[in-house]
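Colleague: dropping the sequence and predicted coords here.
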Amino acid sequence: MTADAPARPGQSGQSARGGAAGTATERLQRLLALVPYVVSRNVVGMAETAAAFGVTERELVDDLNLLWCVELRSPDPYCPIDLSYEGGEIVVSEAEAIGRPLRLGVDEACALLIALRMLAELPSIGDGTALSRTIAKLESAAGSAAGPSAQIAVQLDDAVARSAAAQSAAAKVTDALSRGKRLHIAHYVPGRDEVTERDVDPMRLLVVEGRSYLEGWCRRADDVRLFRLDRVLAIEVLDVAKEVPASAEQVDVDHGLFRPSPQDVQVVLELGAAGRWVAENYPCEEVTELGDGRLRIRLRTPDTRWVRRLALRLGEDGRLVSPPELAEQVIADASAALSHYA
């Protein structure tokens, strides 16, 4: 039965989409508690139930209408919850499965414990005392079912680690913005393959194309700069007030960060499965799947020196297709490097 189905006798006919209190998460928690609450009492009044859950009777009706959409897979293949609230009294039936305490299977307990341990490894989690207690309680409740999960070592991959580092950096940027303080950062510049340190007066924290950036007045460049947070290797909030010049203008990011010039060189690279990270870390105009995990990417750059270094770094995991003269330079660079070993 859908939320837009005609109302049964004794019901308001109000759609389940209408004005239920709280966020979606709060409403889900209320729905999960509502069924056992009614089932344990057999019959309970509308006013009493609404007061117990801190909602109005109209909002309670919305919740009850939504419960009709819940289908239980046990004990029957199709077992919708049945309910009625005629005469101001709520009766729920065919809901024994949801009324029983949760029992985790071995695979479910292991999956939950592994996920919690991975969460505890994130730097952005801060004080993990509550999380540690939760893991300990779950291990105790799971008993022998928790055994297999203890044999699995959780190690964050590079992508997760970079995301966690970006979250940690974002927290410090937010702190500096709220207190009007200057930042000192160490930032990796892939185009030059170097790490630079600089003081930055933060202007704003923004997300562009799914990545977090710090925009600020860079005191080294004496201009506004954007710093991708997953490339910030170290960040410190200084006990110095920020001083952003009145002439500083925010970068227009409405159309993205990549602004190719007609004078830029068009570069085409073919990447193996182990070289796909290039497409995730450099602004590409075009990305084409070639099968077997391989990619062809096209990008533009005003300076091809970093492309030559990138091609050498990729080795057998990538091939520079065009321009041909740049590919020849890469071959010459590789030959010169090999000559030193001879």
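Modeller: Here it is on my side, so go on. Numbering: from 1, shown residues only.

Colleague: now the strands for the stretch 51-200 of the chain?
Modeller: Here the stretch 51-200 of the chain has its strands, by DSSP state E, counting those that start in this stretch, at 71-72, 79-80, 82-84, 89-93, 181-189, 194-208.

Colleague: got a markdown table for those, with mean neighbour count and distance to A332 too?
Modeller: All C-beta atoms are positioned from the backbone trio N, CA, C, and that covers glycine. Shown next, in a markdown table, are the strands of the stretch 51-200 of the chain (neighbours: other C-beta atoms under 10 Å; distance: least, C-beta to C-beta, whole Å):
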| stretch | mean neighbour count | distance to A332 |
| --- | --- | --- |
| strand 71-72 | 14 | 67 |
| strand 79-80 | 16 | 72 |
| strand 82-84 | 17 | 78 |
| strand 89-93 | 18 | 78 |
| strand 181-189 | 18 | 25 |
| strand 194-208 | 16 | 23 |
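
Colleague: going by mean pLDDT, which of those comes out lowest?
Modeller: Mean pLDDT is lowest for strand 71-72 among the strands of the stretch 51-200 of the chain, at a mean of 52.

Colleague: show me what counts as buried in the strand or helix carrying G216.
Modeller: Taking DSSP states H and E as the definition, G216 sits inside strand 211-218. The neighbour-count check on strand 211-218 (16 or more other C-beta atoms under 10 Å) flags 212-218 as buried.

Colleague: and G272, which of the strands of the stretch 51-200 of the chain is closest to it?
Modeller: Closest to G272 of the strands of the stretch 51-200 of the chain, according to C-beta to C-beta: strand 181-189, at 23.3 Å.

Colleague: C-alpha coordinates for that closest one, PDB please?
Modeller: Extracted in PDB, the C-alpha atoms of strand 181-189 (Å, rounded to 0.1, in the frame of the first residue of the first chain):
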ATOM      1  CA  LYS A 181      43.000  33.900  13.100                       C
ATOM      2  CA  ARG A 182      45.700  33.400  10.500                       C
ATOM      3  CA  LEU A 183      46.700  29.900   9.300                       C
ATOM      4  CA  HIS A 184      50.100  28.400   8.600                       C
ATOM      5  CA  ILE A 185      49.900  25.500   6.100                       C
ATOM      6  CA  ALA A 186      52.100  23.100   4.200                       C
ATOM      7  CA  HIS A 187      50.500  22.500   0.800                       C
ATOM      8  CA  TYR A 188      51.400  20.000  -1.900                       C
ATOM      9  CA  VAL A 189      51.500  21.500  -5.400                       C
END
